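> Sequence first, then the predicted structure:
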Amino acid sequence: MTHPADEVVTLASELIAIDTTNPGTHGGPGPERAAAEYVAARLAEAGYAPEYVESGAPGRGNVVARLPGADPSRGALLIHGHLDVVPADPADWTVPPFAGEVRDGYLWGRGAVDMKGMLAMTLAVARHFRRTGVVPPRDLVFAFLADEEAGGVVGAQWLVAHRPDLFEGVTEAISEVGGFSVTLPGGPRAYLVQTAEKGSMWLRLAARGTAGHGSLLHTDNPIGKLAAALARLDAHRFPVVLTEPVREFLTGVAGLTGVPFDPADPEAAVRRLGHLSRLIEPGLRDTANATIVGAGTKSNVVPSIARAELDGRMLPGRDEAFRAELARVLGPDVAIEWDSLPAVQTTFDGDLVAAMDAAVDAEDPGARLLPYLMPAGTDAKSFARLGIRHLGFAPLRLPPELDFTALFHGVDERVPTAALEFGTRVLDRLLRTC
């Protein structure tokens, strides 16, 4: 009998080959339908009756399927992931980003890491369970979702608001971003489990001034006002705040490496982490980065308004403090509007964590799980509105030299094929026992 790991690379490759680039707009047709139909067909082949739902706009395809468990009185487990990906410019890539090519032991392509690899692992295990008659301990709900890369407005957010029945009885969930291995200084290997993620805030700035001819003297130029405010923000660093998930992570690292962790100086401990520090360091403070700037329509006309957009990320419990500090830094010449989603946080304990630990240990004896705070956001924010506890766990065993965090939204995104096979075996064990 075949194992689900036998087909995971093929499934991932075929999903990558379906271009689901999210345009970042919510009013027009979306890119996910073809991938959602592909997933629905693969599930139907195995005997599921998947439900296809378009959320909020044409083409924003989602697929949900449920596998009944042995104990229907237990809360169900949601295994979810998103079908959409961020843009990729083929001119920048070593291989075409939507070819799904296997080369040098890696599967290359946009979505290999974020997160069609995990979708393929989920799909492979779901198909295997149905085909072989596996009855898990509790109900499993498999969800393949649209629009996560633009906040899930016409994906998970829409489904939670309009189709909560799809997630009836679900109490816990797993998805991105966690489960991947890191090799710590000195050699010990650990697997990160996301127990928290920062809040997300998308800010729109506007500076106003006096329009006029570009040849004249101007003392009320909105571009200058906005540029000065953005320069102050770029130079600003929000205060270090040691949250419990980061404290737990750094304490765990200290135990594995033998290098003491000083809670009064968490930045020093993070600096010792090598390329992993790119992922952990933003979890020490709030961040706000300018991402879009625009003003004017003609080179000889000073405009009356200049605009910018920021990507803001706040630590748990820091929403009000973040907004107040941001307003102080930007100053009175800049008006601020925003949309936001809250931080998500849970504890690193319970039967689900124990089952994760056992599943990883069976495939990588002696490895440890470590909780951490993820600096970006996921669809966990939407499912939290239904009272669903989220843990980031998409298991992958990675080579120590791979700078994995640089591949999220990066050029030449790729994942080792052996890591996908490893992750599928771990996921198979977890869903049989959790």
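Happy to help now that I have it.

> So Asp339, which state does it fall into?
Here Asp339 is recorded as strand under DSSP: H, G, I helix; E, B strand; the rest coil.

> Buried residues in stretch 299-319, which are they?
Neighbour-count burial for stretch 299-319, counted by 16 or more other CB atoms under 10 Å, picks out 302-308, 310, 312-316, 318-319. All C-beta atoms are positioned from the backbone trio N, CA, C, and that covers glycine.

> whoops, stretch 223-230 was the one
Residues 223-227, 229-230 are the ones in stretch 223-230 that count as buried (16+ other CB under 10 Å).

> can you check stretch 344-361 too?
For stretch 344-361, burial by neighbour count (16+ other CB under 10 Å) applies to 344-346, 348, 352-353, 355-357, 359-361.

> where do the helices sit along the chain?
Ranges of helices in the chain, per DSSP state H, are 8-16, 33-45, 116-132, 156-162, 222-235, 244-257, 266-271, 277-280, 319-330, 351-363, 380-383, 417-433.

> among those helices, which is nearest Pro87?
Of all these, helix 8-16 sits nearest to Pro87, with 14.2 Å by CB to CB.

> Outline the domain layout of the chain.
Domain segmentation of the chain under automatic domain parsing yields 4-183+343-367+374-433, 201-234+287-341.

> closest to Ala254 out of the ones you listed?
Here domain 4-183+343-367+374-433 is closest among the domains of the chain (CB to CB), at 14.6 Å.

> which residues touch Leu233?
288, 290, 310, 326, 329-330 (CB atoms under 8 Å, 6 or more residues apart in numbering).

> returning to what we had before: of all the domains of the chain, which lies closest to Leu276?
domain 4-183+343-367+374-433 (5.3 Å).

> For the closest one, measure first residue to last.
In domain 4-183+343-367+374-433, first residue to last residue: 16 Å (CA to CA, to the nearest Å).

> one step back: could you look over the domains of the chain and pick the most buried one?
domain 4-183+343-367+374-433 (a mean of 20; mean count of other CB atoms under 10 Å).

> Closest to the centroid, which residue in the protein?
Nearest to the mean C-alpha position of the chain, by CA atoms, centre = their mean, lies Thr378 at 4.4 Å.

> tell me the contacts of the nearest residue to it once chain neighbours are set aside?
Here the nearest residue to Thr378 in space, its sequence neighbours aside, is Glu176; by CB to CB, 6 or more residues apart in numbering that works out to 5.5 Å. Residues near Glu176 by CB under 8 Å, 6+ apart: 81, 114-115, 118, 194, 378, 392, 394.

> and Glu176, what are its phi and psi?
phi -70, psi 170 (degrees, to the nearest 10).

> Next one: Gly111 from Arg247, what distance?
According to CB to CB, to the nearest Å, Gly111 stands 33 Å off from Arg247.

> oh, I was asking about Arg110
According to CB to CB, Arg110 stands 35 Å off from Arg247.

> and what of Leu205?
Applying CB to CB to Leu205 and Arg247 gives a distance of 34 Å.

> Same check on Pro29?
45 Å.

> Other residues contacting stretch 32-45?
Contacts for stretch 32-45 (CB under 8 Å, 6+ apart): 11, 14-15, 18, 20, 50, 52, 54, 58-63, 65, 83-84, 119, 123, 126-127, 130, 142, 144, 146-147.

> shouldn't Ala150 be in contact with His26?
Yes: counting by CB atoms under 8 Å, His26 is a contact partner of Ala150 at 6.9 Å.

> what do those two both touch?
With CB under 8 Å, 6+ apart, Ala150 and His26 have no common neighbours.

> Which residue ranges of the stretch 51-200 of the chain form strands?
51-54, 61-67, 76-82, 102-103, 106-108, 140-145, 170-175, 181-183, 189-197, 199-208 (DSSP state E, counting those that start in this stretch).

> ranking those by mean pLDDT, which is last?
Here the lowest mean pLDDT among these goes to strand 181-183, at a mean of 92.

> So which elements touch it?
strand 189-197 (3 or more CB pairs under 8 Å, 6 or more residues apart in numbering; DSSP states H and E).

> Tell me how far the strand it packs on lies from the chain's centre.
13 Å (CA atoms, centre = their mean, to the nearest Å).

> Put the alpha carbons of that strand into PDB.
Provided in PDB are the C-alpha atoms of strand 189-197 (Å, rounded to 0.1, in the frame of the first residue of the first chain):
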ATOM      1  CA  ARG A 189      17.800  20.800  16.000                       C
ATOM      2  CA  ALA A 190      14.400  22.200  17.100                       C
ATOM      3  CA  TYR A 191      11.000  22.600  15.400                       C
ATOM      4  CA  LEU A 192       9.300  25.900  15.800                       C
ATOM      5  CA  VAL A 193       5.600  25.900  16.700                       C
ATOM      6  CA  GLN A 194       3.700  29.200  16.200                       C
ATOM      7  CA  THR A 195       1.800  30.000  19.400                       C
ATOM      8  CA  ALA A 196       1.300  33.700  18.700                       C
ATOM      9  CA  GLU A 197       1.300  36.200  15.800                       C
END
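
> Remind me what it packs against, helices and strands.
Using 3+ CB pairs under 8 Å, 6+ apart, strand 189-197 is in contact with strand 181-183, helix 244-257, strand 344-345, helix 351-363, strand 368-374, strand 389-392.
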